[in-house]
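Chemist: 3D model of this:
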Amino acid sequence: MIDIKHLQKWQGRSEEHSDVIAPFPANALAATLDRDETYGAGADLPPLWHWMHFLPLHKLKDSGYDGHAALGSFLPPVPLPRRMWAGSRLTFHAPVRIGQDLRKRSEVKQISHKSGRSGDLVFVTVQHQVTDAGALCVHEEQDIVYRAPPAAGAPTPTPPSAPEQSAFQRNISPDPVLLFRYSALTFNGHRIHYDQPFCTGTEGYGGLVVHGPLLATLMLDLLRREMPRAAVRTFEFRAVSPVFDTHDFSVHGAPNEDGSIHLWIRRHDGALAMDGTATIGAAT
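Modeler: Just a heads-up that it's a prediction; the model follows:
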């Protein structure tokens with residue numbers, strides 16, 4: 001039974017973190033993505049790479065059974081075991097640069113509950129704002145979904161098909177080393193990304209799960225490879241179906257009529273895994 005009124009007491013709860021943007025995470029992620037570039041003092045971080053900073057730390061003893069931090073402090077104690085970063089909406093107001101001393105303020109904006117054929121779902125929307133001496137650099141709304149494991153023998157929902165035609169694409173082999181590196185760079189202890197027995201046995205997934213934020217990062221990484229002079233102004237994405245390390249997948253992009261760029265992840269079976277849209281402008 002979901003006590004949504006109790007959970008909604010967490011609406012308005014906030015926390016702040018400060019961080020000096022060091023070069024190592026950017027250089028480590030560039031190497032992980034097979035990019036021939038290095039980052040030093042004063043360099044701009046590519047969009048979404050701020051996710052490697054302002055990381056909340058928790059003691060190992062405070063981890064939940066799945067490796068995440070136990071709930072009930074900043075995020076509400078939702079009594080559903082499966083947690084997914086379902087999507088985000090971001091606006092990039094100013095660059096995040098190596099060497100800057102920045103602050104990130106996070107606030108729980110909304111908590112809602114739905115019940116359907118797949119069981120209970122709890123949706124939590126968190127707002128993040130990254131600032132430099134009070135000036136806004138990045139504004140983000142993040143959607144988190146909590147749900148129960150599927151019932152034994154329940155049919156797997158059929159995800160929609162991904163578009164077959166694109167203007168540019170890149171194939172990705174999501175081996176465990178890629179997933180481990182990204183988990184380490186984002187201090188993500190969730191066992192579904194590196195613990196094969198837990199992921200397939202306890203959680204019932206088809207393999208190690210590729211991180212949602214990694215998929216989103218690969219979408220904008222593809223855009224940078226194809227349009228290196230473009231500056232991303234806004235980006236929104238939503239997760240549609242999971243991607244596992246057992247098969248390759250592909251990242252795709254194509255311009256929309258309004259000048260924005262449609263970006264998506266296509267699984268090996270043709271299913272749509274993630275869908276997104278970026279608006280761009282000329283680099284300054």
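Chemist: List the residues that contact the spatially most central residue of the chain.
Modeler: With distances taken as C-alpha atoms, centre = their mean, the residue of the chain nearest its centroid is residue 213 (2.2 Å). When contacts are counted by C-beta atoms under 8 Å, 6 or more residues apart in numbering, residue 213 is found next to 48, 51, 85, 186. Where you see a C-beta, it was placed from the backbone N, CA and C, and this is true even at glycine.
Chemist: Now the one helix or strand it maps to: buried residues?
Modeler: Assigned by DSSP states H and E, residue 213 falls within helix 212-226. Using 16 or more other C-beta atoms under 10 Å as the test for burial, helix 212-226 gives 212, 213, 214, 215, 216, 217, 218, 219, 220, 221, 222, 223.
Chemist: For the following helix or strand past it, enumerate the helices and strands it packs against.
Modeler: Scanning forward in sequence from helix 212-226 by DSSP H and E, the next helix or strand is strand 230-239. Strand 230-239 makes packing contacts with strand 82-92, helix 212-226, strand 272-282 when contacts are defined by 3 or more C-beta pairs under 8 Å, 6 or more residues apart in numbering; DSSP states H and E.
Chemist: Sheet-wise, list the partners of strand 230-239 with their directions.
Modeler: strand 82-92 (antiparallel), strand 272-282 (antiparallel) (DSSP bridges).
Chemist: Dump the ones you listed to a markdown table, plus mean pLDDT and mean neighbour count.
Modeler: Formatted as a markdown table, the strands paired with strand 230-239 follow (pLDDT from 0 to 100; neighbours: other C-beta atoms under 10 Å):
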| stretch | mean pLDDT | mean neighbour count |
| --- | --- | --- |
| strand 82-92 | 94 | 19 |
| strand 272-282 | 94 | 19 |
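Chemist: wait, residue 192 sits on residue 66?
Modeler: Yes: with contact defined as C-beta atoms under 8 Å, residue 192 reaches residue 66; the gap is 7.2 Å.
Chemist: got any residues that touch both of the two?
Modeler: 198, 203.
Chemist: ok, the two, which is more surrounded?
Modeler: Set residue 192 next to residue 66 and count neighbours by other C-beta atoms under 10 Å: residue 192 wins out with 28 against 18.
Chemist: My assumption is that that one lies in a helix; please confirm.
Modeler: Yes: with DSSP: H, G, I helix; E, B strand; the rest coil as the criterion, residue 192 is part of a helix.
Chemist: pLDDT score for it?
Modeler: On the pLDDT scale, residue 192 is placed at 91.
Chemist: Enumerate every residue touching it.
Modeler: Per C-beta under 8 Å, 6+ apart, neighbours of residue 192: 66, 198, 199, 203, 205, 208, 209.
Chemist: hmm, back to that, which pair in the contacts of residue 213 spans the largest distance?
Modeler: 48 and 85 (12.1 Å; C-beta to C-beta).
Chemist: So which of the helices and strands packed on strand 230-239 is nearest residue 4?
Modeler: Per C-beta to C-beta, nearest to residue 4 of the helices and strands packed on strand 230-239: strand 82-92, 16.8 Å.
Chemist: what's the closest one in contact with?
Modeler: For strand 82-92, using C-beta under 8 Å, 6+ apart, the contacting residues are 47-48, 66, 68, 123, 137-149, 190, 203, 211-213, 216, 231-239.
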